[in-house]
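Colleague: sequence-free structure coming up:
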């Protein structure tokens, strides 16, 4: 267990009778840091562990080998952080201002970027705020063991959020609340024996909108996603070529996909999120042809501090090429593809060639109508 300050044996952790007051203050500090809520669970994954193993056995993780490699750390939190007893779960709303998602998806000449990636990299934002929360807690109780996470280690964050009443698991597998699912999750693993919160009821009912609207039918059953078909996986996690039969289904989505959230009834009640996630570089309504001609230096400079940067320039151009191929056969689109026809990356060249063939099939012959 990571220690802060002096050895944990010198901790001034309050007696059990003081937990209620401490937790109330802890939740107040979390709200001051911008978190919508903080809940507490035991550091045990329970039956959710078997669900993870079955998902892996079906191969739904695709090329994300780390999911299988690190499964033991997800299943037993003590293997990740020795001595952990409790998980503090938080959520940070991120829904940004900017052009309407529906408007961008309806304009095939624009590139759609998942709402979570339009602003600052959430990993750093959430972890930094969790560290401030841990520092505040340490000032209150004295040294204790802990480690903070935000999608940065093998942690079953949705399950801990569900167990502690932060929300419930939607049929798209995301954590849902009565304010929707436009939020990032974060956790503090700690050795403090805080009393756990109770789960909340599932409020999805008979609704299956998220399953019905998935462009690639990646939600193969309620609470079960085949990542190999998921647009977020295909445009972010997959390094190689995107399967040709799936390319037309991506539309103009160049980084991630939000459809299962956009059509969720609960997200009608979503509120604007933290200012840190305000769109940068006009990515909420950028033209595909403009993005395609970015140099690598442009990519690195303009996306500094963005989660998009980690996929690299080749995957970025690959995704944009597919979107251009799915769009109208305009002179602008053809010129953007031609500019990358001899790209250094074989991956980019192959997707550009595919996109060019797609546009050629949409171009009327000479003298045609």
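Modeller: Alright, I've got the coordinates. All values derive from a computational prediction rather than experimental measurement.

Colleague: can you give me the helices for the stretch 101-250 of the chain?
Modeller: With DSSP state H, counting those that start in this stretch applied, the stretch 101-250 of the chain shows helices at 101-106, 122-141, 157-163, 209-213, 231-232, listed in chain order.

Colleague: save these as JSON lines, and put in mean pLDDT, distance to residue 358 and mean neighbour count too.
Modeller: (C-beta placed from N, C-alpha, C; glycine too.) Conversion of the helices of the stretch 101-250 of the chain to JSON lines gives the following (pLDDT from 0 to 100; distance: least, CB to CB, whole Å; neighbours: other CB atoms under 10 Å):
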{"stretch": "helix 101-106", "mean pLDDT": "97", "distance to residue 358": "18", "mean neighbour count": "15"}
{"stretch": "helix 122-141", "mean pLDDT": "96", "distance to residue 358": "34", "mean neighbour count": "18"}
{"stretch": "helix 157-163", "mean pLDDT": "98", "distance to residue 358": "37", "mean neighbour count": "24"}
{"stretch": "helix 209-213", "mean pLDDT": "98", "distance to residue 358": "24", "mean neighbour count": "17"}
{"stretch": "helix 231-232", "mean pLDDT": "98", "distance to residue 358": "18", "mean neighbour count": "23"}
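
Colleague: ok, the residue nearest to residue 253 when sequence neighbours are not counted - contacts?
Modeller: By the measure of CB to CB, 6 or more residues apart in numbering, the closest residue to residue 253 outside its immediate chain neighbours is residue 112, 4.7 Å from it. With contact set as CB atoms under 8 Å, 6 or more residues apart in numbering, residue 112 has these partners: 101, 104, 105, 251, 252, 253, 254, 255, 257.

Colleague: what's the closest of those residues to residue 318?
Modeller: Nearest to residue 318 among the contacts of residue 112: residue 254, at 9.3 Å, using CB to CB.

Colleague: contacts for stretch 337-354?
Modeller: In this structure, residues lying in contact with stretch 337-354 by CB under 8 Å, 6+ apart are 240-242, 244, 247, 292-293, 313-315, 317-318, 321-322, 324-325, 355-356, 359.

Colleague: ends of that stretch, what's the gap?
Modeller: Criterion CA to CA, to the nearest Å; first-to-last residue distance in stretch 337-354 is 10 Å.

Colleague: where do the domain boundaries of this protein fall?
Modeller: Segmentation of the chain into domains, based on automatic domain parsing, reads 8-99+119-190, 224-362.

Colleague: span of the last one from start to end?
Modeller: Start to finish, the residues bounding domain 224-362 are 36 Å apart (CA to CA).
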